[in-house]
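> No sequence on hand, only this structure:
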């Protein structure tokens with residue numbers, strides 16, 4: 001009797017494994033199918049590639065952090081994104097930027113959120129970012145800055161969007177904080193833009209008009225329902241071509 005029950009258990013386990021395997025294959029195919037019809041996602045990748053190729057200094061890889069680093073032409077800000085599976089790092093995508101312009105504009109470091117202050121003390125830079133999907137990054141070929149970005153689009157599609165008012169694509173690294181790039185650099189004078197939500201800084205004493213190297217301006221946006229509105233942002237724009 002015990003032998004019979006054991007056989008039934010083995011058959012059940014095998015059937016479950018088969019179903020799970022089939023489900024994984026189906027999910028993978030469904031994801032690829034969805035990506036193939038995702039115009040915004042695919043164009044975000046091609047325009048990102050064009051922007052990267054227009055940089056005087058291309059992204060470099062940080063082997064320790066397992067991330068790519070795209071540094072702004074003025075050297076005062078950078079976009080970081082992972083090139084491997086999510087690991088011990090605090091963030092998978094983030095913006096890293098100099099504190100000095102904000103300190104000179106009145107920033108009281110003691111009024112920053114504890115996490116941001118801690119990272120500043122540890123790394124000497126201000127940082128905002130977030131974790132993404134825990135899914136592993138699976139590459140078909142060479143691991144490059146663009147192929148790693150493509151993985152973000154496929155696995156964390158909600159973090160990548162299109163900003164119609166400026167004809168930009170972008171990655172949200174934390175609520176209200178983004179890196180954006182032009183869909184077509186030949187028709188845009190803001191080919192690469194670092195975007196910060198100013199609230200944390202203003203609440204910590206910054207006079208937004210005095211943050212050197214950053215433009216404080218109202219930016220036209222749309223909500224999830226397509227309703228237009230404006231929001232103040234710190235912007236660091238660059239014309240690459």
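Thanks, I have the structure now. Here the structure is a predicted model, which means the values were calculated and not measured.
> Mean pLDDT per helix and strand in the chain: which one sits at the bottom?
Lowest mean confidence among the helices and strands of the chain (mean pLDDT, DSSP states H and E): helix 2-36, at a mean of 42.
> Output the below-cut-off pLDDT ranges for the chain.
1-37, 85-89, 224 (pLDDT under 70).
> Give me the nearest residue to residue 194, chain neighbours excluded.
Nearest non-adjacent residue to residue 194, counting by CB to CB, 6 or more residues apart in numbering: residue 236, 4.2 Å away. From N, CA and C alone the C-beta is placed, and that goes for glycine too.
> Give the buried residues for the helix or strand where that neighbour lies.
Counting by DSSP states H and E, the element that carries residue 236 is strand 228-238. Residues of strand 228-238 classed as buried by neighbour count (16 or more other CB atoms under 10 Å): 233, 234, 235, 236, 237, 238.
> and the fourth one, what does it touch?
If I follow you right, that is residue 236. When contacts are counted by CB atoms under 8 Å, 6 or more residues apart in numbering, residue 236 touches 72, 74, 76, 77, 97, 193, 194, 195, 213, 214, 215.
> can you pull out the strands in the protein?
Counting by DSSP state E, the segments of the chain that form strands are 60-62, 67-71, 77-82, 93-97, 126-130, 160-163, 168-174, 177-182, 192-196, 215-222, 228-238.
> quick one: strands adjacent to the fourth one?
Spelled out, it's strand 93-97. According to DSSP bridges, strand 93-97 forms sheet pairs with strand 77-82 (antiparallel), strand 126-130 (antiparallel).
> would you turn those into a markdown table with distance to residue 60 and mean neighbour count?
Shown next, in a markdown table, are those (distance: least, CB to CB, whole Å; neighbours: other CB atoms under 10 Å):
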| stretch | distance to residue 60 | mean neighbour count |
| --- | --- | --- |
| strand 77-82 | 10 | 23 |
| strand 126-130 | 18 | 21 |
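> Which one of these lies nearest to residue 203?
Proximity to residue 203 (CB to CB) singles out strand 126-130 among these, at 14.2 Å.
> Show me what the closest one is in contact with.
With CB under 8 Å, 6+ apart, strand 126-130 has contacts from 80, 90-99, 102, 116, 119-120, 159, 173-174, 177, 196.
> Report the buried members of these.
80, 91-98, 102, 116, 119, 159, 173-174, 177, 196.
> ok, back up a step: could you export the buried residues of strand 228-238 as a markdown table, including distance to residue 53?
Converted to a markdown table, those look like this (distance: CB to CB, whole Å):
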| residue | distance to residue 53 |
| --- | --- |
| 233 | 27 |
| 234 | 27 |
| 235 | 23 |
| 236 | 20 |
| 237 | 19 |
| 238 | 14 |
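> wait, which of these is closest to residue 146?
Proximity of the buried residues of strand 228-238 to residue 146 (CB to CB) peaks at residue 238, which lies at 18.6 Å.
> Against residue 120, how distant is that closest one?
24 Å (CB to CB, to the nearest Å).
> likewise residue 41?
According to CB to CB, residue 41 and residue 120 sit 34 Å apart.
> returning to what we had before: farthest-apart pair in the contacts of residue 236, please.
74 and 195 (15.2 Å).
> between the two, which one's more packed in?
Shown here are residue 74 and residue 195; by other CB atoms under 10 Å, residue 195 has more neighbours (22 against 11).
> hang on, isn't the more buried one packed against residue 237?
No: using CB atoms under 8 Å, residue 195 is not in contact with residue 237, being 9.2 Å away.
> Distance to residue 111 added to the strands of the chain, as JSON lines?
Below are the strands of the chain laid out as JSON lines (distance: least, CB to CB, whole Å):
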{"stretch": "strand 60-62", "distance to residue 111": "30"}
{"stretch": "strand 67-71", "distance to residue 111": "28"}
{"stretch": "strand 77-82", "distance to residue 111": "21"}
{"stretch": "strand 93-97", "distance to residue 111": "18"}
{"stretch": "strand 126-130", "distance to residue 111": "13"}
{"stretch": "strand 160-163", "distance to residue 111": "30"}
{"stretch": "strand 168-174", "distance to residue 111": "18"}
{"stretch": "strand 177-182", "distance to residue 111": "18"}
{"stretch": "strand 192-196", "distance to residue 111": "16"}
{"stretch": "strand 215-222", "distance to residue 111": "19"}
{"stretch": "strand 228-238", "distance to residue 111": "17"}
